[in-house]
Every structure is written in structure tokens, then in C-alpha cells.
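> My questions concern the predicted model and sequence given below.
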Amino acid sequence: MIRRAKGTRDILPPESRLWAAVEEQARSVFGGLSYEEIRLPVMEPTELFVRGVGEGTDIVSKEMFTFPDRKGRSLTLRPEGTAGVARAFIEEGLFQRPQPVRLLYIGPMFRYEKMQRGRYRQFAQIGIELLGAATPQADVEVLMALHMFLEALGFDDLVIRLNNLGDPEDRPRFIAGLKRELASHKDELCSDCHRRWDENPLRLLDCKVPRCRELMLNTTPVAEVVSDEARAHVEEVSAGLTALGIPVQSAPRLVRGLDYYLRTAFEIVSPHLGEDTAIGGGGRYDRLISDLGGPQVPGIGFAIGEDRLIDVLPSGFRDRVLGVRPVVVLPAADGAETAAMKLARSLVEHGLEVRNEVTGRSLRAGLKWAAKVGARAVVILGPDELAVGEATVRDMDSGEQRRVELERVAEELTAQD
RNA sequence: GUGGGCGUAGCUCAGCUGGUAGAGCACAGGAUUGUGGCUCCUGUGGCCGUGGGUUCGAGUCCCAUCGCCCACCCCA
């Protein structure tokens, strides 16, 4: 048997309904703020991610699906969405449109990772990017959008964890200070931290090892070392969110896995799900476009892990989506097929979800089947009904049924809502 | 990348010290020829993950390999 590639999965009905509903909600909420969908290639030149995401990141150093095409060009399946958006922004001249530009993307990303529950090598992200606005208000809008979207799905205890990464110019000063503070305890750090010490010192902050964590708590937060402008920027973002009634929590050790973030960096969490499970995260990336050879255009955005989101979806939303029940149309007489099909067409046109019986089951077997597929009602077209142009409409919960003229079946079924 | 556990029907699993592959659920039909959910009967469904080895004989023992799960690591 041929099996799916490691780390991929098949999303079957009815689970797939949740995906469709979540994406529809995203288009609705983000669309309401004029974020319009951009559809990008899932493969890009490898160099885009090496330069965009950063060579020292885990993603680029060991998690990319990279392969040569038939002419020897190195391609990579996108491990995240922002780099591709930045590339398209430059290549398609989006900086010549009225600024800022608001974009939404939904789609699969790929990372060659060790498998674990809730983590896949192909996973989906929903993200937005706001390009061409450097103000704190831009950050506030993006975070508000994130909050609105998740609230629309029924999350009710969301907290934004916010950090200030400063500007790239602040980085060496901060890192030097951090190392100075940690120097006397360097031998107590874990082996990974020793590696990070030289390769990616910022990520020292992010270590999950308890002893390392303790040591980090005593270090000076990045936010206190950054330039006045950077500090004012993030403080204004925080104040703006608070003024909107969106809970914000300062997260001095929050560091994200992508090199391009500066100033604003954040995650959104739902505390009752556990503090380690961020639903989404993002930040500001004012140098990314220019680093990739484009104009100096600032940007901010986030990505939500759709797989994980669907895993933790509030039950209300879940039940609403999965609770939709079909109406079964059941021809139970010779020659009833056409009338049944016409009726099905009419019911669908009235917005009902119809499930036709097309296997020639007996009335009895048909009803049994209807119960199994969760039908809320069955429309029976037997010989008696057919003779007088009627149908029997049976409510599958109450068992009540009545004869209705064919033209009035849709009306009968939509009335009970 | 490191450590541990597990691979038998679509799903959950049983299968003893090696001797002709099983159950429940699910699916299909019927008992009830115009009425579902309960019950009962019948049926479909397997190269026992794959390859090699030991043996008269392997689902069972040995080796390898692939896959899945858990933890670490990392991360949306």
C-alpha cells in the first residue's frame, strides 16, 4: 500500500468542515479590515529563506525541504509565509500601490521536523501582513485583527504576550550586556545554551531548561536596553491595545525563531490551554523588504498555526459547524428518481443541505441509512405521494411526518428553523 | 538529532510454551413487501507493516528496515 509521506496527513470529512469554516471566518474578519488574500507559490528559490528568515535560525539550518529542480536550481518548500509575501511585494511592485498594503494568506508550510502530536511536516498557517506603515497604530491594528479573529471563533481568555526586541543597532549592546551578566554562571547553562552563546545569543532567553530559565530571569530585559524610539514604539502599542480592552502581558524573554523581527514581537495565548501553546505569533520586520533588495518599506504581521488552532477550537464553534445536518431525499417507488432529483435541486437552491439516496435502497433501509448519516429530516417519494404530486416529510428527531405538496417541501423544511 | 514503547480486518484489540487467523465496533442485506434509532440473523472484509534468517512448520523466535506513539530538543 502506498502511504502518505511522513509528517503529512489527510483531512477527511467532517473534520474538513472545520478547516473550511475557520478559513471562511478568517476571510470575513480580516477582510473586514481590508486584508485581501494573496496566493503564493509553495516553493521558492532557497535563497529567499536563507536571506529572509536568517541563516542561523533552526528553520533554515536544519528544517527546510530543499531540493534541486531539473536544471540544478535550488528550490525550497516554504517554511513560513512572510518571506514569500516580501518577495512578491518587491517582485510585483506592490510598493507602487497606495500604501499601506494589507495582505492575507492561508496555506500549507513545510518544515522537516521530528514528528510529535500537533506537529507536522506539512502544516497550515493563516497570516496577515501590513506593509508600508511603521507606526504603533499599525501594530495595534494587526494585533486587534488577530484578537478579533480568535474571539470570533469563541476564544474568550486571550492574552497577548508582548516583547520589545529593539532595533538591530541595539542588538550588539544588549547581547554584550547579557553575556556579561551570565558570564559567572556560564558553566551552569545547558549544552544547547552553550551552542547558542556564540551562534544565536538572543535565543538564550528562550531556553526551556529550568536552571537556564532561572538565570535568565535575573538578566536585564531587552526592552530596557533599546533606543528611546524603539521603547516608545512598543509602549505605545501596549497602551493602544489596553485602551481597546485587549489584555496585554509583558514577556521580556519572548524571542521568536525568525531573525527578521525587530521592536514588536508577540504571541497570543489562551491561558487555560497552557502557557506553552501559543496559538499564533508575529512581529515587526522593518528591514526585511530592503534586506531582500526592495525599497525601505516597514512591515508587521503574524501567523496562526491552523492545525493547532483547530485542535483547540472552542466547543461552541466546533459544534455549530459539525452540527449541520442534511435532509435526505428518498425515492421509494419505481419512477420516483426524477421527481426526487428535481426536489433535491430545489431544496439545495433554497439553501438546504441535501443528501440523495442514489443506491436504490428500500424505504426501510433508506430510513436506517438516513438515521446513520444524521439526517434531520427525510423526504419520502413513494408511489402514493408520486400519484398526487406530494411528498412525505419525516422529522427524524420527533418521528412526526406529514404530506406536503412537492412545491412546498422546501418551505416546510426551512420554516422549522 | 537522543531515549523508550508499539505495528494482526476500516477502527479498538485478543491470539498461551511455534501447529489450519479471531472478537467487538463499523459497513451491506435481511427478520419487518410504506417507516430509522433497540434486538437478532447473515454477509463483505487479512500476503499478521516490509525484507531476510532459524525451523518439518513462524502472527508467535532472531536480525534488519519502514511507519506510528510518548518524552527530550525545537517550534507555529
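Happy to help now that I have it.

> What residues sit buried inside stretch A:337-354?
A:339-340, A:343-344, A:347, A:352, A:354 (16 or more other CB atoms under 10 Å). In short, each C-beta sits where N, CA and C put it, glycine included.

> Check stretch A:280-293 too.
Buried residues in stretch A:280-293 (16+ other CB under 10 Å): A:280-289, A:292.

> Check stretch A:262-273 too.
A:262-270.

> Kindly report the same for stretch A:35-51.
Neighbour-count burial for stretch A:35-51, counted by 16+ other CB under 10 Å, picks out A:35, A:38, A:40, A:43-44, A:46, A:48-51.

> between the residues you listed, which is closest to RNA strand B?
Distance to RNA strand B across the buried residues of stretch A:35-51 (CB to the nearest atom of the strand) is lowest for residue A:49, with 13.1 Å.

> The closest one is in contact with residue A:60, isn't it?
Yes: with contact defined as CB atoms under 8 Å, residue A:49 reaches residue A:60; the gap is 5.8 Å.

> who touches both of the two?
residue A:79 (CB atoms under 8 Å, 6 or more residues apart in numbering).

> low-scoring stretches of chain A, by residue?
Scanning chain A for pLDDT under 70 picks out A:1, A:117, A:191-192, A:195, A:208-210, A:274-276, A:416-417.

> And the nearest residue to residue A:144 once chain neighbours are set aside, how close does it get to residue A:12?
Spatial nearest neighbour of residue A:144, chain neighbours left out: residue A:244 (6.0 Å); criterion: CB to CB, 6 or more residues apart in numbering. Relative to residue A:12, residue A:244 is positioned 39 Å away (CB to CB, to the nearest Å).

> So these two - more neighbours on which side?
More crowded of residue A:244 and residue A:12, by other CB atoms under 10 Å: residue A:244, with 13 against 7.

> Touching, the more buried one and residue A:140? I think so.
Yes: the pair residue A:244 and residue A:140 qualifies as a contact (CB under 8 Å) at a distance of 7.3 Å.

> near RNA strand B, which residues of the stretch 201-350 of chain A show up?
Residues of the stretch 201-350 of chain A that fall close to RNA strand B, judged by CB under 7 Å from any atom of the strand: A:203, A:206-209, A:256-258, A:276-281, A:303-305, A:308, A:332-333.

> Take those and keep only those in strands.
Of these, the ones assigned to strands by DSSP state E are A:278-281, A:303-305.

> which ones are touching the closest residue in space to residue A:314 that isn't next to it in sequence?
Among residues not flanking residue A:314 along the chain, residue A:154 sits closest, at 3.4 Å (CB to CB, 6+ apart). By CB under 8 Å, 6+ apart, residue A:154 lies in contact with A:313-317.

> Centre of the chain to the host helix or strand of residue A:412, how far?
Residue A:412 is part of helix A:409-415, with elements assigned from DSSP states H and E. Helix A:409-415 sits 37 Å away from the centroid of its parent chain (CA atoms, centre = their mean, to the nearest Å).

> quick one on the thing from earlier: with the contacts of residue A:154 in mind, which one is nearest to RNA strand B?
After measuring the contacts of residue A:154 against RNA strand B - CB to the nearest atom of the strand - the closest member comes out as residue A:313, at 12.7 Å.

> Quick check: residue A:395 touching residue A:375?
No: taking contacts as CB under 8 Å, residue A:395 lies outside contact range of residue A:375: 9.9 Å.

> Strands of the stretch 201-350 of chain A, residue ranges please.
For the stretch 201-350 of chain A, the strands defined by DSSP state E, counting those that start in this stretch cover A:248-250, A:262-269, A:278-284, A:299-305, A:327-331.
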